[in-house]
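[1] Predicted coordinates and the sequence they were generated for:
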Amino acid sequence: MKSKNTTTSVDPSELLALIGNLQDKKVVVIGDVMLDVYLKGAVARISPEAPIPVVEINEKDKKMPGGAANVACNITALGGRSSIIGVMGKDLAGRELVGELKRRKVDTKGMLAVSDRPTTEKTRVIAHTQQVVRIDREVKAPLSLSQQDQAIRKAMAAIADADGVIFEDYNKGLLTARVISKLVAFARARKKIITVDPKFHNFFEFKGVTVMKPNMKEVTEALGPEADGESFETIGFKVMKRLKAKSVVLTRSEHGMTLFEAGQPPRTIPTVAREVYDVSGAGDTVIATLTLALTAGASLLQAAALANYAAGIEVEKLGVATVSADELTQRLLEEMNH
């Protein structure tokens, strides 16, 4: 590609005008849900049993929706309506996850409870502000065909009256090639905005979507040797072509995000984070804000710029967090008066 990458920005006042349009837009999030558990305490000594710190828990356990469930929570925090299609176990963690989702006004009718796997649970032990260890409880095997069919039916019912669809893949077994192809075709036939936050397993199954939003690690793993020695500009266009996607938003950590659209040179939006405290959950905030803005009629550049501001707020918080419409409004007003 001979087109040169350009750095660009959008006037905050233009973005501020968008926030009101996000209200009540409906987005369906389809993907791997999890319960994030935070155990917080302090370390005063080393264990006599092994050379490891003893964390004395001094706060109440914090339990929050994670993965695709966090994306759905970001949608409602911004004033949109969201429904989640995900798989959980018939266990306490699953019930707690549904309870937390309902508390955040997420429609949970699309949650599928199964008896042959636990709810994915990620427990983080934090001493002071430092994460000491993470304990994962999960089964990553693909769902059975009958479970896939149940998930497909639930998703189709939700997509029918939605404005947009987000596929949030963590390679935990829900988004098989079969589920992806059926649901993308269904959403495309109904002319819905379709965005994807991929992992590498089924990366190239998402054909013909509105926006593919990988990060550099995901895209280089998916392309394999094809990515060797290639610039990120070449990689972005290569992915767009292979997927027949309308656009690709490549997130590049501290280098911001680069937008690829047909007939346009690549455009990079620099990061606007003031203080990076914790990057976990930033990708969830980006895909939620980006999709909601596109359903509200924003251009890709406006949607990505708004998502960039939202991510800048999210990384200032500890752990996986959401960003509200009020916080986003406040940040944009501060930028305008800067």
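    Arrived safely, thanks for sending. Quantities reported herein were computed from a predicted structural model and do not represent experimental measurements. Numbering: from 1, shown residues only.
[2] show me where the stretch 101-250 of the chain has helices.
    Residue ranges of the helices in the stretch 101-250 of the chain, as given by DSSP state H, counting those that start in this stretch, are 145-159, 177-189, 216-223, 232-243.
[3] Let's have these in TSV, adding distance to residue 309.
    In short, each C-beta sits where N, CA and C put it, glycine included. Formatted as TSV, the helices of the stretch 101-250 of the chain follow (distance: least, Cβ to Cβ, whole Å):
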stretch	distance to residue 309
helix 145-159	28
helix 177-189	27
helix 216-223	21
helix 232-243	22
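[4] out of these, nearest to residue 112?
    Go through those one by one with Cβ to Cβ and the one that ends up closest to residue 112 is helix 145-159, at 5.5 Å.
[5] Quick one: distance of that closest one to the chain centre.
    Centre-to-centre, helix 145-159 and its host chain are 21 Å apart (Cα atoms, centre = their mean, to the nearest Å).
[6] go on, stretch 13-27?
    Between the centre of stretch 13-27 and the centre of its chain there are 19 Å (Cα atoms, centre = their mean).
[7] Quickly find the element holding residue 260.
    When elements are defined using DSSP states H and E, residue 260 is found to belong to strand 257-261.
[8] Strand partners (parallel or antiparallel) of that strand?
    The pairing partners recorded for strand 257-261 under DSSP bridges are strand 247-251 (antiparallel), strand 267-269 (antiparallel).
[9] neighbours of the nearest residue to residue 199 once chain neighbours are set aside, just the number please.
    The spatial neighbour of residue 199 that comes closest, neighbours along the chain excluded (Cβ to Cβ, 6 or more residues apart in numbering), is residue 171 at 4.4 Å. Each residue near residue 171 was counted by other Cβ atoms under 10 Å, and the total is 14.
[10] Okay, residue 171 and residue 203: tell me how far apart.
    Spatial separation of residue 171 from residue 203 under the definition Cβ to Cβ, to the nearest Å is 10 Å.
[11] What residue, apart from its backbone neighbours, is nearest residue 226 spatially?
    Leaving aside its chain neighbours, residue 226 sits nearest to residue 238 (6.9 Å; criterion: Cβ to Cβ, 6+ apart).
[12] Show the low-confidence segments of the stretch 51-200 of the chain, by residue range.
    Low-confidence segments of the stretch 51-200 of the chain (pLDDT under 70): none present.
[13] in it, which spans are strands?
    Residue ranges of the strands in the stretch 51-200 of the chain, as given by DSSP state E, counting those that start in this stretch, are 53-57, 62-67, 81-89, 111-114, 121-127, 130-137, 164-168, 193-197.
[14] residue furthest from the geometric center of this structure?
    In the chain, counting by Cα atoms, centre = their mean, residue 48 sits farthest out from the average C-alpha position, at 41.1 Å.
[15] part of a helix, is it?
    No - read with DSSP: H, G, I helix; E, B strand; the rest coil, residue 48 is coil and lies in no helix.
[16] What helix or strand is the residue sitting nearest the centre point of the chain located in?
    The residue lying closest to the centre of the chain (Cα atoms, centre = their mean) is residue 284, at 2.7 Å. Following DSSP H and E, the helix or strand that holds residue 284 is helix 282-295.
[17] CA atoms only: put that helix into PDB for me.
    Once side chains and other backbone atoms are set aside, the C-alpha atoms of helix 282-295 remain, and they are given as PDB (Å, rounded to 0.1, in the frame of the first residue of the first chain):
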ATOM      1  CA  ALA A 282      -9.500  -0.800  28.100                       C
ATOM      2  CA  GLY A 283     -10.200  -2.900  25.000                       C
ATOM      3  CA  ASP A 284     -13.800  -3.600  26.300                       C
ATOM      4  CA  THR A 285     -14.400   0.100  26.700                       C
ATOM      5  CA  VAL A 286     -13.000   0.800  23.200                       C
ATOM      6  CA  ILE A 287     -15.300  -1.700  21.400                       C
ATOM      7  CA  ALA A 288     -18.400  -0.700  23.400                       C
ATOM      8  CA  THR A 289     -17.900   3.100  22.700                       C
ATOM      9  CA  LEU A 290     -16.900   2.600  19.100                       C
ATOM     10  CA  THR A 291     -19.900   0.400  18.300                       C
ATOM     11  CA  LEU A 292     -22.400   2.500  20.200                       C
ATOM     12  CA  ALA A 293     -21.200   5.700  18.400                       C
ATOM     13  CA  LEU A 294     -21.400   3.900  14.900                       C
ATOM     14  CA  THR A 295     -25.100   2.900  15.700                       C
END
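[18] what's the angle from the helix or strand following that helix to strand 257-261?
    Using DSSP H and E, the helix or strand that follows helix 282-295 towards the C-terminus is helix 300-314. Counting by axes from the mean of the first three to the mean of the last three Cα atoms, to 10 degrees, helix 300-314 lies at 160 degrees to strand 257-261.
[19] and helix 300-314, what does it pack onto?
    Under the contact criterion of 3 or more Cβ pairs under 8 Å, 6 or more residues apart in numbering; DSSP states H and E, the helices and strands touching helix 300-314 comprise helix 12-19, strand 247-251, strand 257-261, strand 267-269, helix 282-295, helix 325-336.
[20] Can you check which of these gets nearest to residue 138?
    Once the helices and strands packed on helix 300-314 are compared by Cβ to Cβ, helix 282-295 is nearest, at 17.7 Å.
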